[in-house]
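A.B. asks: Sequence and predicted structure, then a few things I'm wondering about:
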Amino acid sequence: MRALILAEHDNAALRAVTRNVVTAAVQAAGEADILVVGSGCAPVAQQAKAIAGVGKVFVADAPHFADALAENVAAQLVALAGKGYSHVLAPASSFGKNVLPRAAAQLDCAQISDAIAVIAPDTFARPIYAGNAIATVQCADPIVFVTVRPTSFAGAADGGSATVESVAAVADLGVSRFVGREIAKSDRPELAGAKVVVSGGRALGSAENFKLLERLAQRLNAALGASRAAVDAGYAPNDWQVGQTGKIVAPQLYIAVGISGAIQHLAGMKDSKVIVAINKDADAPIFQVADYGLVADLFQAVPELIEKLG
Amino acid sequence: MAGTVVAVLRVGPKNETIGTPMKVLVCVKRVVDYNVKVRVKSDQTGVDVANVKMSMNPFDEIAVEEAMRLREASLATEIVAVSCGVSQCQETLRTALAIGADRAILVETDAELQPLAVAKLLAALVEREQPQLVILGKQAIDDDANQTGQMLAALRSMPQATFASRLRLADGWAEVTREVDGGLETISVRLPAVVTTDLRLNEPRYVTLPNIMKAKKKPLEIVSPAALGVDVAPRLKTVKVKEPPQRQAGIRVPDVATLVTKLRDEAKVIS
C-alpha cells in the first residue's frame, strides 16, 4: 500500500498540517508520497522531501496553480492518484476540505472526512454530531480518500531524504479565477497549531473589548480565538472561530473568556490539554469541561490575570 | 408560477437578467435539530434519532435565504428546492417553500444516503433542471462531512465556490468571498457553478404563518433514485458508533491568584 498526500502550502512554505497528515498516512498505508501543486513552489518541495517517512515528492508547477483553485488542483491530484495509490489524504483544513471531495468524486470514490484515528488501513475513526459521537468507518472503495484532523496526529519530523520528481501539469480548466485575499497579518501564532489559545465569547461585548484578550495573548504568546456568537456579532474575524464548523484546536492551554460553552464550541476545543474558563455565570456549560473554572467578571479577572502573570 | 412572474416583472437596480431565466437549485437536508444533544445507542450501531426534533440543516437555510435574496434582486427567476431521503423530508422541503422556493423535488428513499450518493442524485437533477447556480450548505450538522457540494461540482464538471460569505453575480460569473483558514479569499467562478454556504453569508428570515400556508399549495414532486438512474449503495460502512471520551470537570478556583498558581505549579502550562 502506498498513500499520496496533497501538500498544503503558500508556494513558499509547506504548512505544518501536512506533517500531521504524513503521520496518519504512514499509519494507514505504510508508505507515503507527497504531491505539491503550486506555482514557483520549489521551496515547498525541498521542505517536503526532508520529512521522515516520505518516499517521493511530486511537483506540479504551473502559473494556474498559484492560488490553489479547487478545479485545477483536484484535476492534478486525480491525474496522479489513479497510478496505483491505495490512499489519498489531505489535511481537514479549508484547503483540504475544498479540494479532496472533488478529486474523490472524479474517481467515483467516497471520502472519510476529519479522521481522528487510524484503526486499520481501510478503517478510521471520525467525530460526528459535533463530536458527540465517534464513528468507526470502513471504506470499500479501491482508493481510500481521507481528510485528516491535524490535531489528532503528531507532526512528522524532518529526517527523510525523498526524491523530488516533476510531473506534467494538467491544463488550466479556466472555469475559476482568483480575485483577492484578505489574510490578517499577525505576530500571533497560528490558531490551529498554537500551544496556547485565548478565546473570547459574546460577553466581551465589542470588538474594542477583544483588545483586552490581545494583551493576555501577547503575554502568553497565544493565538486568539472566538466563539461563533462573538464572530457573528462582529467582535472577531471569521478565521478566529473555534468549533464544529470553524477551527479545531488542541493546545496545551485553552483559556475561554466569556464563552458559555455551546456543544458546537466544545467540539472545537475539548481535546485541549488544560482548559481554563472565566465566566460570571456559574452554571455556564463551559465549566463542565474546564480543568480550572473561575466564576468572575471577565473585565476584572482578565486585567488582574495579565498583571499577575507579570 | 406566480412567484416567477413577479420576479421577472420587478425592475431593480441590478436587473440585467430580466428576460433571461436564471434558475437556482437549493439543496436542503433534514437533520437532528441544532439544539438536540444526541445519544449514542447502547448497541453502538448509531445515534438515537427516534422522537428527536428534526429541522432543516442550518447551512441549508442560509442557502435558501441566499437564493431568495438573488430573486429579490431580480437576479434569479426560479428557485427549486431539492432534498434526498425519507418521506418526512417533505416537511423540510415545505419549510424551503415557505421561505420562498417556487417548487420542490424530493428524491425519496429509505436507504442510507452518503455524500457521494447524494451528489449523484443531485447531479442527475442538475442535468434535468439545468440550473445556473446550485447552492448548498457547506456541511450537514449530523455527519459533518463537508463533501456533497464539492462532489456534485466534480460530477457535473462545474466550478465550485465553497464556504461562501458573500456572493455576487455578474456577466455569467459568480464572485464569491470564501471563509478560509487565514481569513477571506475571493474567487470568481463561471456559471453554472456550485456554491456552498458558510455562516456569515446571510441571516435567514423567519418563516411566517401566511407563507407556511402558501407553501402547502406549491408543487412538490417525488422521484426515486432508480428513476434518476442512480445507484445509492453506501461505500462506507459504519462499523460502530461510540461515545466520545468524557472530559471530567476540574475544580473551581476562588480568585485569579489561585488560578495563576495552579497553572504554574500544578498544570505547568505557563511560566
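C.D. replies: That came in fine, so what should we check first? Numbers count the residues shown, from 1 in each chain, chains lettered A, B, ... in the order given.
A.B. asks: who does the residue lying closest to A:D122 once chain neighbours are set aside bridge with?
C.D. replies: In this structure, A:D122 finds its nearest non-sequential neighbour in A:C139, 5.1 Å apart by Cβ to Cβ, 6 or more residues apart in numbering or on different chains. All C-beta atoms are positioned from the backbone trio N, CA, C, and that covers glycine. Taking DSSP bridges, one obtains B:L236 as the residues bridged to A:C139.
A.B. asks: ok, A:C139 touching B:V239?
C.D. replies: No. Look at A:C139 against B:V239 with Cβ atoms under 8 Å: they stay out of range, at 10.8 Å.
A.B. asks: Now for the two: what residues contact both?
C.D. replies: A:T123 (Cβ atoms under 8 Å, 6 or more residues apart in numbering or on different chains).
A.B. asks: Phi first, then psi, for A:K195.
C.D. replies: phi -80, psi -30 (degrees, to the nearest 10).
A.B. asks: how many neighbours does the closest residue to it other than its chain neighbours have?
C.D. replies: In space, and not counting its chain neighbours, A:K195 is closest to A:Q252: 4.9 Å by Cβ to Cβ, 6+ apart. Other residues within reach of A:Q252 by the criterion other Cβ atoms under 10 Å in any protein chain shown amount to 15.
A.B. asks: Equivalent analysis for the one 3 residues further on, please.
C.D. replies: Taking other Cβ under 10 Å as the neighbour definition, A:I255 ends up with a count of 31.
A.B. asks: Can you list the helices and strands that the helix or strand it falls within packs against?
C.D. replies: Here A:I255, judged by DSSP states H and E, is contained in strand A:253-257. Applying 3 or more Cβ pairs under 8 Å, 6 or more residues apart in numbering or on different chains; DSSP states H and E, one finds that strand A:253-257 contacts strand A:196-200, helix A:210-220, strand A:274-279.
A.B. asks: can we see that at 10 Å?
C.D. replies: With contacts taken as 3 or more Cβ pairs under 10 Å, 6 or more residues apart in numbering or on different chains; DSSP states H and E, strand A:253-257 sits against strand A:196-200, helix A:210-220, strand A:223-226, strand A:274-279, strand A:292-295, helix A:298-309.
A.B. asks: Below-threshold pLDDT in chain B: ranges please.
C.D. replies: By pLDDT under 70, the weakly predicted segments of chain B are B:1-19.
A.B. asks: Quick check: longest strand in it by residues?
C.D. replies: As assigned by DSSP state E, the longest strand anywhere in chain B is strand B:160-170.
A.B. asks: so how many other residues sit close to the nearest residue to A:A66 once chain neighbours are set aside?
C.D. replies: Excluding the flanking residues, the one nearest A:A66 by Cβ to Cβ, 6+ apart is A:S39, at 3.7 Å. Summarising burial for A:S39: neighbours were counted as other Cβ under 10 Å, giving 15.
A.B. asks: May I ask you to confirm that A:S39 is in contact with A:A62?
C.D. replies: Yes. A:S39 lies in contact with A:A62 (Cβ atoms under 10 Å); the separation is 6.2 Å.
A.B. asks: give the contact list for A:I259.
C.D. replies: Residues counted as contacts of A:I259 (Cβ atoms under 10 Å, 6 or more residues apart in numbering or on different chains) are A:199-204, A:225-230, A:242, A:265-266, A:269, A:277-279, A:284-286, A:298.
A.B. asks: wait, isn't the residue nearest to A:D122 in contact with A:R126?
C.D. replies: No. Applying Cβ under 10 Å, one finds A:C139 not in contact with A:R126, separated by 11.3 Å.
A.B. asks: More neighbours: those two, which one.
C.D. replies: Remark: of A:C139 and A:R126, A:R126 carries more neighbours, 26 against 21, as counted by other Cβ under 10 Å.
A.B. asks: what about stretch B:228-244, how long is it end to end?
C.D. replies: 38 Å (Cα to Cα, to the nearest Å).
A.B. asks: meant to ask about stretch A:223-230, not that
C.D. replies: Using Cα to Cα, the end-to-end distance of stretch A:223-230 comes out at 16 Å.
A.B. asks: Need the phi and psi values for B:L259.
C.D. replies: When quoted as degrees, to the nearest 10, the phi and psi of B:L259 stand at phi -60, psi -50.
A.B. asks: Which parts of chain A are helices?
C.D. replies: Remark: helices assigned in chain A by DSSP state H are A:17-29, A:42-49, A:70-81, A:94-106, A:210-220, A:228-232, A:263-266, A:298-309.
A.B. asks: Mean neighbour count, the ones you listed: which tops it?
C.D. replies: helix A:94-106 (a mean of 27; mean count of other Cβ atoms under 10 Å in any protein chain shown).
A.B. asks: Give me the contact status of that one with chain B.
C.D. replies: Yes. Using Cβ under 10 Å from any Cβ of the partner chain, helix A:94-106 reaches chain B at A:94-106.
A.B. asks: pLDDT (mean, whole number) over that helix?
C.D. replies: The average pLDDT within helix A:94-106 is 98.
A.B. asks: Next, the angle from it to strand B:160-170.
C.D. replies: Angle, helix A:94-106 to strand B:160-170, by axes from the mean of the first three to the mean of the last three Cα atoms, to 10 degrees: 100 degrees.
A.B. asks: between helix A:94-106 and helix A:17-29, how many degrees?
C.D. replies: Using the same axes, to 10 degrees: helix A:94-106 against helix A:17-29 is 40 degrees.
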